[in-house]
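Undergrad: Got a sequence here, can you model it:
(chains A, B, C and D)
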2 protein chains.
Amino acid sequence: MELNTGLLLFIPYRAMEARVFAGLAAAGYDDFTPAQARVFQRIAPGGSRLTDLAEQAQITKQSAGFLVDQLERAGYVERAPDPTDARARLVKIASRGAAAIPVAAAVVAEVEAEWAAHLGPERMEQLREALTALREITDPYQR
Amino acid sequence: MELNTGLLLFIPYRAMEARVFAGLAAAGYDDFTPAQARVFQRIAPGGSRLTDLAEQAQITKQSAGFLVDQLERAGYVERAPDPTDARARLVKIASRGAAAIPVAAAVVAEVEAEWAAHLGPERMEQLREALTALREITDPYQR
DNA sequence: CTGATATCGTCAGTCTCTCTGACTAATGTC
DNA sequence: GACATTAGTCAGAGAGACTGACGATATCAG
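TA: Next comes the predicted model:
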C-alpha cells in the first residue's frame, strides 16, 4: 500500500521515540513525559531562553514554562538568570538531565544501527542525507 | 549540526501535517483537530472497528471512541453495525469526510512536489523507498 | 450445550498538555 | 522621557490521553 509521505515519516519517528522513552524508563529515568523530553532535547549547550525553547518546539511560551517547571522539579534542568537580559532566565541542563543524555544517546545509536542493518548502510546514509536536506525547507528554527 | 534520525523524521512530518491542516481549514474543513485527523486517516475503505483504529493510531479504545464521537458529530464519519459481529460497529467515512479527502490529497501532492523539487526526483524516490522499507520494522500495524 | 474466558465498546473519573487572555518587569526606540 | 516590544508568569479553559469498571456478545473447552 502506498501511504503519504507524512505518515511514512511519522511511523519510524514514533517507533524511535517509544524506544528511547522505554530505554530511559528502564534506566530509572521514568519521571518525565514525552512532551517534557521534546522540550529538553532542544536546550542549547549553554542554556536556552524559555521563549526560544517554545519557538523551537512550536508550542506557546506558557506551555514551555509548564513543562520546564516539571523538568526543574524532577531535577533535569535548572533556571539561571540571563546575564545579558534581566527579564530573561536561561534554562540549563542540570546533573540529572546530563546523566540521562548518554542513556538516550545509546538507545538512539542502537535503533539507528538496527535501521542501518535493515536498509543497508548506503540507503541509511541516503535517508539521513535526504532528511537533512528536507530540513532546509521544513524547519523554521534550524540550529 | 547533526541531529538524531528521530528528530530528522519529525521535522518534515510536522511540516506536512501543518500544511494539510491549514489547507483543509482554508477549504472550510476547520471543525476538526489533528488528533481526530490521525484517527480518520486510518479508516479502511469498507469501515474499521473502533478497536482497530485505536491499535493503529496507538491510543486506547476509549480515546479513539472520544475522537470518533467528535468526528461523527461533525459529519465526517458514521457508525454502522458490523454484520459479522454484533458487539462491534464499523466506523465509516461519511459524506463530509469523503469530500475532505481530495482536498487533503491535493495538499499532500503539492507538498510532495515541493519536496521533490528541492531534493530532485531521484532522491525523493529513494527517500520514500527507504521509509517504506523502514516501515517493515517499525510499524506493528501494516495495512 | 454450557460455563468460563475473551473481545467490543461505553461510562466515569483523572491527569497532562496545550491554548487564550491578561498581566508585570525589563528593554529598546524615537 | 513616552511608547512599544519582549521575557516570562498567572489564571482559566478545553482537548486528548490514560486507568478501571462494566454490559453485551462471541468463542472455546469440556
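Undergrad: is stretch A:121-141 up against DNA strand C anywhere?
TA: No: using Cβ under 7 Å from any atom of the strand, stretch A:121-141 never reaches DNA strand C; the gap is at least 14.2 Å. Quick note: C-beta positions are derived from backbone N, CA and C, even for glycine.
Undergrad: now that stretch: mean pLDDT?
TA: For stretch A:121-141, mean pLDDT rounds to 92.
Undergrad: Tabulate the CA atom coordinates of that stretch in PDB.
TA: What follows is stretch A:121-141, C-alpha atoms only, in PDB (Å, rounded to 0.1, in the frame of the first residue of the first chain):
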ATOM      1  CA  PRO A 121      24.500   1.300   5.300                       C
ATOM      2  CA  GLU A 122      24.200   3.000   1.900                       C
ATOM      3  CA  ARG A 123      20.400   3.500   2.000                       C
ATOM      4  CA  MET A 124      20.600   4.600   5.600                       C
ATOM      5  CA  GLU A 125      23.100   7.300   4.700                       C
ATOM      6  CA  GLN A 126      20.900   8.400   1.800                       C
ATOM      7  CA  LEU A 127      17.900   8.600   4.100                       C
ATOM      8  CA  ARG A 128      19.700  10.700   6.600                       C
ATOM      9  CA  GLU A 129      21.100  12.900   3.900                       C
ATOM     10  CA  ALA A 130      17.700  13.400   2.300                       C
ATOM     11  CA  LEU A 131      16.100  14.200   5.600                       C
ATOM     12  CA  THR A 132      18.800  16.700   6.400                       C
ATOM     13  CA  ALA A 133      18.200  18.400   3.000                       C
ATOM     14  CA  LEU A 134      14.500  18.400   3.600                       C
ATOM     15  CA  ARG A 135      15.100  20.300   6.900                       C
ATOM     16  CA  GLU A 136      16.200  23.300   4.800                       C
ATOM     17  CA  ILE A 137      12.600  23.800   3.600                       C
ATOM     18  CA  THR A 138      10.600  22.400   6.500                       C
ATOM     19  CA  ASP A 139      12.400  23.600   9.700                       C
ATOM     20  CA  PRO A 140      11.900  27.300  10.500                       C
ATOM     21  CA  TYR A 141      14.200  27.000  13.500                       C
END
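Undergrad: and the top helix by length along chain A, how far from the chain's centre?
TA: Using DSSP state H, we find that the single longest helix of chain A is helix A:95-119. Helix A:95-119 sits 12 Å away from the centroid of its parent chain (Cα atoms, centre = their mean, to the nearest Å).
Undergrad: which helices and strands sit right next to the following helix or strand past that helix?
TA: Next in sequence after helix A:95-119, counting helices and strands by DSSP states H and E, comes helix A:121-138. For helix A:121-138, the packing partners by 3 or more Cβ pairs under 8 Å, 6 or more residues apart in numbering or on different chains; DSSP states H and E come out as helix A:95-119, helix B:5-26, helix B:95-119, helix B:121-138.
Undergrad: in the second one, what's buried?
TA: The one in question is helix B:5-26. Neighbour-count burial for helix B:5-26, counted by 16 or more other Cβ atoms under 10 Å in any protein chain shown, picks out B:5-17, B:19-21, B:23-24.
Undergrad: Relative to chain B, how far out is the residue nearest in space to the middle of chain A?
TA: Geometric centre of chain A, nearest residue: A:Q41, 3.3 Å, by Cα atoms, centre = their mean. From A:Q41 across to chain B, the span is 7 Å (Cβ to the nearest Cβ, to the nearest Å).
Undergrad: Spit out the contact partners of that residue.
TA: Going by Cβ atoms under 8 Å, 6 or more residues apart in numbering or on different chains, A:Q41 touches B:L7.
Undergrad: can you list the residues of chain A near DNA strand C?
TA: Chain A comes close to DNA strand C at residues A:33-36, A:38, A:58-60, A:62-63, A:66-67, A:70, A:85-87, as judged by Cβ under 7 Å from any atom of the strand.
Undergrad: Most neighbours out of those, which is it?
TA: In terms of neighbours by other Cβ atoms under 10 Å in any protein chain shown, the residues of chain A next to DNA strand C top out with A:L67 at 24 neighbours.
Undergrad: Specify the angle between the helix or strand containing it and helix A:95-119 in degrees.
TA: Per DSSP H and E, A:L67 falls inside helix A:61-73. On the basis of axes from the mean of the first three to the mean of the last three Cα atoms, to 10 degrees, helix A:61-73 is oriented at 110 degrees to helix A:95-119.
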